[in-house]
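Asker: Next input, structure requested:
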Amino acid sequence: MKNQNLDAHKVAAGIRRRVLEVALRDGGCNVSQACSMAEMFGMLYTGGLNITEVAEPLTPVYFPGAPNKNNPGILGHEYNGERRADLDRFYLSPVQCSIVLYAALAATGRMTEEGFMLFGKDGYVIEHIGEAHSPGMDISPGSLGQCLGMAAGVAMARKLRGDTGRNIVILGDGECELGMTWEVVQAMVTRKLNNMVVIVDQNRQQCDGKMSLICDVEDTLRDRFEAFGCEVYEVDGHNPDVLKAVMNQRPDPAGRPRVILAQTNPIKDMPALSEKGHRIHFVRIDEAEKPIYQSYVDKFREIENA
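Answerer: So this is what the prediction gives:
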């Protein structure tokens, strides 16, 4: 795959730049998730995912309406190339930060730059809360916590069918506060879904702020996943080489699903975010702050072009 030749760190810088440019354009965006997840997406789209290229960069279209007999609808997974039994499928659970996925697609030549800048424009499928018709999306994940169950159901069907491709899920650590997450983990272990790889963005944040101030589960996550019977790794979420090496080990012969606890920083490379306090789920940028954030944009562009 051509994108294997791209540098994951440069792609990560490109992701942060694009998300921040939208934040400067619109006055706000899910910037902190670009800080924490950029290297994950850089790793996934520079060879971590076993997917094919697209024939040419795609541009999101105006939503054509709900699928019916005269309207086949739009399939977001087409940005990930072909759909085959031997290929991976990707699922983003915290879809409120779908812009990070869109930026990754643009940074790796799967989406046009013009298409990425349609984000937030009324009527286009490149939506703030991604759906099955949104770029890079495989399903409509629903409310937080529901995507993991849907991805596991597909993984079970794929395993019964004999597919060799994996289902890769990015899960927010805030979703580990939810009971349904653990019900799904129990089912994944029971059904020996070793074709599942779950990467937890452990940035210690959720929509209401720091998890330590709301419902702290961080220090128990490894013990919990292991107690349920998962194969668990803790890694630096900003090291794409380590992430890729752990993700792409051969499936556990005992059938254990793989969980990667990726330790991340929600203000990485944008230290000014610390001045926003602990509620940085959605970051607003006012006029007085624009110069400092524009300097970050310039820095990220330099990294991309180095």
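
Asker: partner strands of the helix or strand bottoming out on mean pLDDT in the chain, parallel or antiparallel?
Answerer: Lowest by mean pLDDT, DSSP states H and E among the helices and strands of the chain is strand 209-210, with a mean of 75. Strand 209-210 sits in its sheet next to strand 205-206 (antiparallel), going by DSSP bridges.

Asker: contacts for the longest helix along the chain?
Answerer: The residue-count maximum for a helix in the chain (DSSP state H) belongs to helix 8-26. By Cβ atoms under 8 Å, 6 or more residues apart in numbering, the surrounding residues in contact with helix 8-26 are 29-31, 34-35, 38-39, 41-43, 45-46, 99-100, 103-104, 106-108, 116-117, 119-120, 240-241, 244, 269-270, 283, 285, 290, 293-294, 296-297, 300-301, 303-304, 306. Where you see a C-beta, it was placed from the backbone N, CA and C, and this is true even at glycine.

Asker: still on that earlier bit, now the least confident helix or strand of the chain, how far from the chain's geometric center?
Answerer: Its chain's C-alpha centre and that of strand 209-210 lie 20 Å apart, by Cα atoms, centre = their mean, to the nearest Å.

Asker: Show me what Q263 bridges to in the sheet.
Answerer: Beta-bridge partners, per DSSP bridges, of Q263: Q202, D236.

Asker: who's in contact with it?
Answerer: Neighbours of Q263 in contact, by Cβ under 8 Å, 6+ apart: Q202, E234, V235, D236, G237.

Asker: And for V283?
Answerer: Taking Cβ under 8 Å, 6+ apart, one finds A23, G28, C29, N30, V31, S32, L273, K276 in contact with V283.

Asker: which residue sits closest to E82, ignoring its sequence neighbours?
Answerer: Nearest in space to E82, with sequence neighbours left out and distances taken as Cβ to Cβ, 6 or more residues apart in numbering, is T52 at 4.6 Å.

Asker: Number of residues surrounding that neighbour?
Answerer: T52 sits with 14 neighbouring residues when counted by other Cβ atoms under 10 Å.

Asker: quick one on the thing from earlier: filter the contacts of helix 8-26 down to just the ones in helices.
Answerer: Applying DSSP H to the contacts of helix 8-26, the entries found in helices are 31, 34-35, 38-39, 41-43, 99-100, 103-104, 106-107, 116, 240-241, 244, 290, 293-294, 296-297, 300-301, 303-304.

Asker: Only whichever of those residues are buried, select them in ChimeraX.
Answerer: In ChimeraX, this line selects whichever of the ones in helices among the contacts of helix 8-26 come out buried by 16 or more other Cβ atoms under 10 Å:
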select :31,34,35,38,39,41,42,43,99,100,103,104,106,107,116,240,244,293,296,297,300,303,304
